[in-house]
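Q: Model the following, please.
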Amino acid sequence: MNIALLMSLASPWGRQIVNILADVGNRIDIITFDGEGDSGYGAGQQGIKQLTSRVHGVHRIKSRLGDKLKYFVGANQLRRALNGLDVEHLVTLYGGGFGTMAWLSGFRPFSIYAVGSDVLLCEGVRRNFARWAMRSASYVFVNGEYLAEQTRRLCPEASVVPLLMGIDLDRYSFSARQGEKVQILNNRKFEDIYNNELILQALKNPVLDPGRFEIVFASGGRNLEAAVDWADRELSQATRKAVTFRGGVSDADMLGLLKSSDIFVSMSRSDGTATSMLEALACGLFPILSDIPQNREWVARQDGFLIDVEDRDALAAALATAVDDECLRERAAKNNRAKVEARADGRQNLERMTAILMRGGHNGKN
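A: Predicted coordinates for the structure are as follows:
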């Protein structure tokens, strides 16, 4: 099937979807804004070159306007780009501005893949645009059951299809841990929604022995510089030595970090079913996650810890327990891997998406 994806090249999960859709036999054209970089984890151009070798073409839309206005102005460029391609279906990898842009372009059929904040944090006038776009979309694929419920509340007329994007289970697999210290990994961006500052604050708690662990913050973000400054000022010398800020890594380096880590921690205030979490579970990392509905779908009490997004002391205690209890981590790893295999096989799920798109037609309302 010939599919056009309106997406950000900076999105690691978006790049993963491209690769799997190509693997299952689709011809893919990517449409993205000019200047989009391979910066999901903050990497350079290598990931883009690898991605573009898998697709039919990459088509860039130019805009000098701000983040909000560019989607409205870019709709005409999107339509012109699609008119020059033999595209059977347009899919936006994220709702929000991309969904609005697809709706305004007039191209049909199109579908939306909603992943979290594009539904959960949609407020004000953005809600109206989101509803109009979802009503006009053939399908609104959503990343998890809780998100599907919230999407139906946002737009009851939408054709909502719960469908986890999933991951490549062959790529994300178990490997032996060999580090002297227990390695903790966080790969969420330093943005307000991801709440990485709570993790840093938890590290001040004396229940955590910095001689037992090391923690890597893999990603960049607008708040990174402030976070590093805070760590330099507030953490003890020993704890500060245990903390590494990578500021962004390539997809290959990210895989290496997953393979070498023992614990995954994310205190996101809002999320869909996070691809980063699925990757961590598949690789056998013990999850310590924010206690939000999306994470409750995945983490049972014996297989990880769910922590209130404001409770740094509970987070510190959970980290200390996980660091000290290797048997706990090993038992959880088997159960969590089985969950991912059962529900989040990216190849299987995106084959299902392709089959749905191939039904053709336009089910939305203009």
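Q: Surely residue 216 forms part of a strand?
A: Yes: looking at residue 216 with DSSP: H, G, I helix; E, B strand; the rest coil, it is inside a strand.
Q: bridging residues for it?
A: Beta bridges link residue 216 to residue 185, residue 244, judged by DSSP bridges.
Q: How confident is the prediction for it, by pLDDT?
A: Per-residue pLDDT puts residue 216 at 98.
Q: Now for it, how many residues are close by?
A: 18 (other Cβ atoms under 10 Å). Just so you know, the C-beta spots here come from the backbone N, C-alpha and C atoms, and that holds for glycine as well.
Q: How about residue 71?
A: If we define neighbours as other Cβ under 10 Å, then residue 71 has 24 of them.
Q: That one - nearest residue in space that isn't next to it in sequence?
A: residue 97 (3.7 Å; Cβ to Cβ, 6 or more residues apart in numbering).
Q: The one you found and residue 63 touch, don't they?
A: No: the pair residue 97 / residue 63 is not scored as a contact, 11.0 Å apart, by Cβ atoms under 8 Å.
Q: of the two, who's got more company?
A: Neighbours were tallied for residue 97 and for residue 63 using other Cβ under 10 Å; the higher tally belongs to residue 97 (23 against 17).
Q: How about the contacts made by that one?
A: Residue 97 is in contact with 67-68, 70-71, counting by Cβ atoms under 8 Å, 6 or more residues apart in numbering.
Q: Next: residue 288.
A: By Cβ under 8 Å, 6+ apart, the neighbours of residue 288 are 263-266, 304-305, 307, 315, 318-319, 322.
Q: ok, and the most crowded of the residues you listed?
A: Neighbour max across the contacts of residue 288 (other Cβ under 10 Å) = residue 265, 29 neighbours.
Q: Quickly list what that residue is bridged to.
A: The partner residues for residue 265, given DSSP bridges, come to residue 288.
Q: show me where the stretch 101-250 of the chain has strands.
A: Here the stretch 101-250 of the chain has its strands, by DSSP state E, counting those that start in this stretch, at 110-114, 140-142, 160-162, 182-186, 213-217, 243-245.
Q: Narrow the contacts of residue 288 to those in helices?
A: Counting by DSSP state H, those place 315, 318-319, 322 in helices.
Q: Looking at these, which is nearest residue 103?
A: Residue 103 lies nearest to residue 315 out of those, by Cβ to Cβ, at 40.5 Å.
Q: is it true that the closest one touches residue 321?
A: No: Residue 315 lies out of contact with residue 321 (Cβ under 8 Å); the separation is 10.9 Å.
Q: Can you give me the distance of the residue nearest to residue 195 when sequence neighbours are not counted to residue 201?
A: The spatially closest residue to residue 195, leaving aside those adjacent along the chain, is residue 267, at 4.2 Å (Cβ to Cβ, 6+ apart). Distance, residue 267 to residue 201, by Cβ to Cβ, to the nearest Å: 10 Å.
Q: neighbour-wise, which of the two wins?
A: Neighbour count, other Cβ under 10 Å: between residue 267 and residue 201, residue 267 has more, with 25 against 16.
Q: follow-up on the earlier one: dump the strands of the stretch 101-250 of the chain into a markdown table; add distance to residue 6 as well.
A: As requested, the strands of the stretch 101-250 of the chain are exported to a markdown table (distance: least, Cβ to Cβ, whole Å):
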| stretch | distance to residue 6 |
| --- | --- |
| strand 110-114 | 8 |
| strand 140-142 | 14 |
| strand 160-162 | 18 |
| strand 182-186 | 29 |
| strand 213-217 | 30 |
| strand 243-245 | 32 |
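Q: Among the ones you listed, which comes closest to residue 18?
A: Closest among these, using Cβ to Cβ: strand 110-114, at 12.0 Å.
Q: same for the closest one, what does it pack against?
A: Counting contacts by 3 or more Cβ pairs under 8 Å, 6 or more residues apart in numbering; DSSP states H and E, strand 110-114 is packed against strand 89-93, helix 96-105, helix 125-136, strand 140-142.
Q: Parallel or antiparallel, list what pairs with that strand.
A: Note on strand 110-114: by DSSP bridges, its sheet partners are strand 89-93 (parallel), strand 140-142 (parallel).
Q: Figure out which of those strands is closest to residue 2.
A: strand 89-93 (7.8 Å).
Q: returning to that earlier point: and the ones in helices among the contacts of residue 288, which is closest to residue 7?
A: Out of the ones in helices among the contacts of residue 288, the member with the shortest distance to residue 7 (by Cβ to Cβ) is residue 315, at 33.0 Å.
Q: right, so the helices and strands packed on strand 110-114: which one is the most enclosed?
A: Comparing those by mean neighbour count (mean count of other Cβ atoms under 10 Å), strand 140-142 ranks first with a mean of 29.
Q: Can you list the neighbours in contact with that strand?
A: So strand 140-142 is contacted by 95, 111-115, 119, 134, 148, 151, 155, 158-163, 272, 353 (Cβ under 8 Å, 6+ apart).
Q: again with stretch 332-343
A: For stretch 332-343, using Cβ under 8 Å, 6+ apart, the contacting residues are 164, 166-167, 169, 174, 278, 281-282, 284-287, 298-300, 302-304.
Q: I'd like to know which of those residues are buried.
A: For the contacts of stretch 332-343, a burial check counting by 16 or more other Cβ atoms under 10 Å picks out 164, 166-167, 169, 278, 281-282, 284-287, 298-299, 303-304.
Q: Show me the shaky parts of the chain.
A: 36-49, 65-66, 360-366 (pLDDT under 70).
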